[in-house]
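Chemist: structural data only, the sequence is not supplied:
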Ligand code: PBG
């Protein structure tokens, strides 16, 4: 054959493949989710997330030192509120000395340069497991937004660099930005969960924080009135553009793998950094298949993370961050 083009030529050795590779992951790409609990000397494995733990704040210090030493420079904190602190209004979420606020300070005291991001939503604090306040059996948008903005401010006061509202209420980015500006936290950033879908891939996360929605019969059993319908694309673009208009510094698509078309579409219309959250269920699937010997754990996680970058993500929140860094460095 006399072929003019032989595309296999550029694949003929690893040296050449790596020379022409278009997308890859580095330690700079990652945000590491961390789960914190009360207590001392707690390192508690999450049943549906093998190899992932909830840490008490004393143990958390060692963990963040290790992350920093690996080149991982950003964490996203989730606090597991104790049952007796949960109510409908998320009162504990505003406690300036709450677990979340102390976790922020602990990390900043331990590794001052670590970028600290915090989850802003009421679900871990809500007796109903919802991201907002329930009024007459529904998630009340405007009441919820008022509390979420106050919650974000307590995180900023504690020292958070970025707040990450994951609640999907309308108008929350503007309310948070206004509240931060008024309190003179002009440099505190907002990473908005802009296109967050009502996904069944969040199951293991809800185990980790004991935060499943719909406790009792007085609140919806799912989050479909605020998180997005997985049949939609345009709505994701609309949500993202509104969040940017309202002051989001970065936006997010969540979950990851099933939504890479959404990442791509959004990356074609926005210029702010796009984060992708590879969520708990995505982690659990790989772990479970690998445990059974059905998939090659390391190869699959590198392939998935690279695919997320290729789709247009500039940042990835992933439970695989440490695994990935060990494999590539
Ligand atoms: C809470 C929140 C959730 C996740 C991040 N923030 C759960 C939910 O919305 O029910 C999911 C993360 C994961 O599954 O890894 N608002």
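Modeler: Ah, there it is. Given the structure is predicted, the values throughout are model-derived calculations rather than measurements.

Chemist: show me which residues of the chain sit near the ligand.
Modeler: Within the chain, the positions near the ligand by CB under 6 Å from any ligand atom are 119, 121, 123, 131, 166, 167, 202, 205, 206, 223, 279, 280. In this view, the C-beta of every residue, glycine as well, is placed from N, C-alpha and C.

Chemist: and for residue 19, the neighbour number?
Modeler: 9 (other CB atoms under 10 Å).

Chemist: quick one: distance of the strand or helix carrying it to the chain centre.
Modeler: Of the helices and strands defined by DSSP states H and E, residue 19 is found in helix 14-20. Distance of helix 14-20 from its chain centroid, counting by CA atoms, centre = their mean, to the nearest Å, is 32 Å.

Chemist: before we move on, back to that, the residues of the chain next to the ligand in helices, which ones?
Modeler: With DSSP state H as the criterion, helices contain 205, 206, 280 from among the residues of the chain next to the ligand.

Chemist: for ChimeraX, write a command that selects the buried ones of those.
Modeler: Remark: buried members of those, expressed as a ChimeraX selection using 16 or more other CB atoms under 10 Å:
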select :205,206,280
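
Chemist: give me the residues contacting stretch 284-301.
Modeler: Counting contacts by CB atoms under 8 Å, 6 or more residues apart in numbering, the residues outside stretch 284-301 that touch it are 48, 49, 50, 51, 203, 204, 304, 320, 323, 324, 327.

Chemist: for the first one, which non-adjacent residue is closest in space?
Modeler: Closest residue to residue 48 in three dimensions, ignoring its sequence neighbours and counting by CB to CB, 6 or more residues apart in numbering: residue 204, at 3.8 Å.

Chemist: neighbours around the one you found, how many?
Modeler: Counted with other CB under 10 Å, the neighbours of residue 204 add up to 22.

Chemist: residue numbering should commence at 28 henceforth.
Modeler: Sure, I'll start counting at 28 from here, so that last one is residue 231.

Chemist: gap between whatever residue of the stretch 28-177 of the chain ends up closest to the ligand and residue 288?
Modeler: As assessed by CB to the nearest ligand atom, the ligand sits closest to residue 148 within the stretch 28-177 of the chain, at 3.5 Å. Residue 148 sits 25 Å away from residue 288 when distances are taken as CB to CB, to the nearest Å.

Chemist: more crowded one of the two?
Modeler: Counted by other CB under 10 Å, residue 148 and residue 288 do not tie: residue 148 has more neighbours, with 27 against 12.

Chemist: check contacts around that one.
Modeler: 158, 159, 175, 192, 193, 194.

Chemist: for the stretch 178-327 of the chain, which segments count as strands?
Modeler: Counting by DSSP state E, counting those that start in this stretch, the stretch 178-327 of the chain has strands at residues 189-192, 216-223, 277-281, 301-305.

Chemist: ditto for the stretch 28-177 of the chain
Modeler: Taking DSSP E, counting those that start in this stretch, the strands of the stretch 28-177 of the chain run over residues 57-64, 70-73, 76-83, 101-106, 142-147, 160-162, 165-167.

Chemist: what's the nearest residue to residue 225 if we skip its chain neighbours?
Modeler: The nearest residue in space to residue 225 (CB to CB, 6+ apart) is residue 254, at 3.7 Å.

Chemist: quick one, what contacts that neighbour?
Modeler: For residue 254, the residues meeting the contact criterion (CB under 8 Å, 6+ apart) are 195, 223, 224, 225, 226.

Chemist: of those residues, grab the buried ones for PyMOL.
Modeler: The following PyMOL line selects those of the contacts of residue 254 that are buried, judged by 16+ other CB under 10 Å:
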select buried, resi 195+223+224+226
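
Chemist: now render the contacts of residue 254 as a markdown table, adding pLDDT.
Modeler: Listed next are the contacts of residue 254 as a markdown table, based on pLDDT from 0 to 100:
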| residue | pLDDT |
| --- | --- |
| 195 | 97 |
| 223 | 98 |
| 224 | 98 |
| 225 | 98 |
| 226 | 98 |
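
Chemist: pipe the contacts of residue 254 into CSV and attach distance to residue 37 per row.
Modeler: Converted to CSV, these look like this (distance: CB to CB, whole Å):
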residue, distance to residue 37
195, 43
223, 38
224, 37
225, 42
226, 37
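
Chemist: now the two most distant members of the contacts of residue 254.
Modeler: Taking CB to CB as the measure, those span a maximum distance of 11.7 Å, between 195 and 226.

Chemist: for residue 71, which non-adjacent residue is closest in space?
Modeler: By the measure of CB to CB, 6+ apart, the closest residue to residue 71 outside its immediate chain neighbours is residue 81, 4.5 Å from it.

Chemist: and the one you found, how many neighbours?
Modeler: Residues contacting residue 81 under the criterion other CB under 10 Å number 23.
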